[in-house]
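Q: Need coordinates for the following:
(one chain, ligands or ions: 2)
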Amino acid sequence: MRGMRYEDYLEESYEPQETDLVCEFRFEHDPSVSFEWAAGAIGAESSIGTWDPHLSTMREEIRELGAKVFWTDKEDNRVKIAYPQDLFEPRNMPQILSSITGNIFGLSELTRLKLLDVNFPEEIINGFSGPQLGISGVRELTGIKDRPLLGTIVKPKLGLSDEQHSTVAYDAWRGGVEIVKDDENLADMSFNRFEDRIPKTLDKRDEAEDETGEKKLYFPNITAPLSEMKRRADLVIDHGGEYVMIDILTTGWSALQEMRDYLEGKGIGIHAHRAQHAAYTRLEDHGISMLAIAKFARLVGVDNLHAGTIVGKMEGEKQEILNIYDSLRSNFHDLKRTIPVASGGLHPGLVDDLIDIFGTDLVTQAGGGIHGHPDGTESGARAMRQAVEARTQGIELQDYAEDHPELAKALEKWD
Ligand code: CAP
Ligand code: MG
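A: Ligands and ions are numbered 1, 2, ... in the order given. Predicted coordinates for the structure are as follows:
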């Protein structure tokens with residue numbers, strides 16, 4: 001039987017089938033190998049191949065399972081690769097990612113490799129649950145139809161006691177945000193026990209709802225080993241919570257998938273924090289794009305996903321972030337839509353820019369930009385709400401600030 005060299009995985013006459021999973025990669029290679037060798041190596045090592053072309057165990061029918069590098073752009077070192085869906089176990093995101101984001105990133109001659117984009121065949125899409133609430137569900141839950149949802153992260157991110165934490169949350173809700181969330185590294189701490197924080201903060205949510213007549217949401221961070229996450233989710237549900245927050249990259253895809261299944265039918269939303277993403281996404285020429293990660297996350301089933309701000313403190317290229325927002329919010333098969341979350345360095349003075357750039361289907365979160373208000377959390381939340389009101393009524397922020405002192409002070413400090 002013919003051997004299968006890396007170059008044999010190039011098949012530019014191949015037309016991808018509807019049953020193929022298709023990935024786009026960009027790469028750089030060592031001068032000791034050709035473009036074709038390197039492109040083929042990506043296809044081979046992410047599907048059925050290895051370095052020795054002459055495997056005594058190879059069978060003619062197995063060759064068909066090989067990935068096909070069907071499109072190449074030598075100028076830009078980009079390739080598109082089609083993978084037959086039989087290479088993948090449906091409903092097994094870790095297995096899929098062990099293939100298309102696995103060994104290939106470490107091949108010696110591939111000096112750089114970035115997974116830019118991925119498109120799944122219908123059978124794989126249909127195997128996953130997708131978001132349980134989606135954008136329509138979270139809008140229904142909050143009753144807010146046509147403006148961005150407003151949220152805050154309790155700050156300082158670590159150090160407050162459970163009592164202090166719940167008071168900060170209460171102040172923010174009273175001031176006018178709908179959502180209060182824990183920070184990504186807040187779990188069950190010696191100074192702030194999960195079991196104490198949850199009932200206290202959810203009680204404060206109830207109080208704030210009674211006082212304001214508005215629906216309020218708390219996103220407790222349940223990030224932990226899997227069995228513990230389930231226990232913490234149960235605790236949240238038992239105390240009347242409607243959402244949990246998970247750091248989806250540090251807990252991992254298996255845990256996320258299991259949690260999504262665990263919450264099925266319970267109507268509980270998942271707020272996905274993407275802490276660690278920049279270790280994969282930040283380098284332009286190596287890693288996994290945030291667009292690809294967003295697609296994995298929506299498929300598995302997160303309702304809210306941190307997706308970048310363009311105007312805030314976190315790095316991110318404008319067009320790339322817009323593509324991520326589009327992807328999360330697009331109508332796609334039967335999957336519900338995931339609401340993108342803009343977070344990091346935001347404050348009331350940036351609300352106009354955010355709506356100009358992203359429209360209204362997003363969550364706008366501000367931590368420092370609310371708790372850093374000169375008059376405290378409640379005023380900070382009020383200022384944020386006023387900024388959105390101004391925009392909704394078509395009034396310039398500065399004009400609206402004339403008779404809204406909280407907004408005026410926020411603009412004075414940050415704008
Ligand atoms: C924001 C934040 C968010 C990051 C996430 C923080 O706080 O709580 O976790 O912005 O970034 O800890 O930095 P501030 P991303 O509002 O005080 O900046 O959404 O890019 O993953
Ligand atoms: Mg944070």
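
Q: Show me what from this protein comes close to ligand 1.
A: Contact residues (C-beta under 6 Å from any ligand atom) of the chain with ligand 1: 153, 155, 157, 183-184, 274, 306, 308, 313-314, 343-346, 366-369. All C-beta spots, glycine's among them, are computed from the backbone N, C-alpha and C.

Q: Would you list the buried entries among these?
A: Listed as buried from those are 153, 155, 183-184, 274, 306, 308, 314, 343-346, 366-369; burial here means 16 or more other C-beta atoms under 10 Å.

Q: Can you narrow those down to the ones near ligand 2?
A: Filtering those for neighbours of ligand 2 using C-beta under 5 Å from the ion leaves Asp183, Glu184.

Q: SS state for the closest residue to His347 other than its chain neighbours?
A: Leaving aside its sequence neighbours, His347 sits nearest to Gly369 (C-beta to C-beta, 6 or more residues apart in numbering; 3.0 Å). Secondary structure for Gly369, judged by DSSP: H, G, I helix; E, B strand; the rest coil, is helix.

Q: ok, Gly369 to ligand 2 distance?
A: Going from Gly369 to ligand 2 by C-beta to the ion, to the nearest Å gives 12 Å.

Q: do the same with Trp71
A: 39 Å.

Q: Tell me if I'm right that that residue and Gly43 touch.
A: No. Trp71 is not in contact with Gly43 according to C-beta atoms under 8 Å; the separation is 11.5 Å.

Q: which residues are common contacts for the two?
A: Here Trp71 and Gly43 have Val79 as joint contacts, going by C-beta atoms under 8 Å, 6 or more residues apart in numbering.

Q: re earlier: could you check the pLDDT of the residue nearest to His347?
A: Per-residue pLDDT puts Gly369 at 98.

Q: Over to the one 3 residues further on?
A: Turning to Gly372, the model gives it a pLDDT of 98.

Q: List the contacts of it.
A: Counted by C-beta under 8 Å, 6+ apart, Gly372 has contacts His347, Gly380, Lys413.

Q: and which of the residues you listed is nearest ligand 2?
A: Of all the contacts of Gly372, ligand 2 sits closest to His347, with 15.0 Å by C-beta to the ion.

Q: How far off centre is the worst-scoring helix or strand of the chain on mean pLDDT?
A: Lowest by mean pLDDT, DSSP states H and E among the helices and strands of the chain is helix 60-63, with a mean of 93. For helix 60-63, the separation from the chain centroid amounts to 38 Å (computed by C-alpha atoms, centre = their mean, to the nearest Å).

Q: Let me see the backbone angles for the residue of the stretch 51-200 of the chain found nearest ligand 1.
A: With C-beta to the nearest ligand atom, the shortest gap between the stretch 51-200 of the chain and ligand 1 falls at Ile153, namely 3.9 Å. Main-chain dihedrals, Ile153, degrees, to the nearest 10: phi -110, psi 130.

Q: distance of the residue lying closest to it once chain neighbours are set aside from Lys215?
A: Leaving aside its sequence neighbours, Ile153 sits nearest to Gly367 (C-beta to C-beta, 6+ apart; 3.8 Å). For Gly367, the distance to Lys215 equals 21 Å [C-beta to C-beta, to the nearest Å].

Q: Walk me through the domains of the protein.
A: 6-125, 134-414 (automatic domain parsing).

Q: most neighbours per residue, which of those domains?
A: Mean neighbours per residue, mean count of other C-beta atoms under 10 Å, is largest over the domains of the chain for domain 134-414, with a mean of 20.

Q: ok now that domain, how far from the chain's centre?
A: Relative to the centre of its chain, domain 134-414 is centred 11 Å away, using C-alpha atoms, centre = their mean.

Q: tell me which parts of the stretch 51-200 of the chain are close to ligand 2?
A: So the stretch 51-200 of the chain meets ligand 2 at Asp183, Glu184 (C-beta under 5 Å from the ion).

Q: Run through the helices of the stretch 51-200 of the chain in chain order.
A: 60-63, 93-100, 122-127, 134-142, 162-175, 194-212 (DSSP state H, counting those that start in this stretch).

Q: What sits closest to the most centrally placed residue in the chain if chain neighbours are left out?
A: Of all residues in the chain, the one closest to the mean position by C-alpha atoms, centre = their mean is Leu305, 3.6 Å from it. Of all residues not flanking Leu305 in the chain, Ala272 sits nearest, at 4.6 Å (C-beta to C-beta, 6+ apart).

Q: Tell me the secondary structure of Arg382, please.
A: Going by three-state DSSP: Arg382 is helix.
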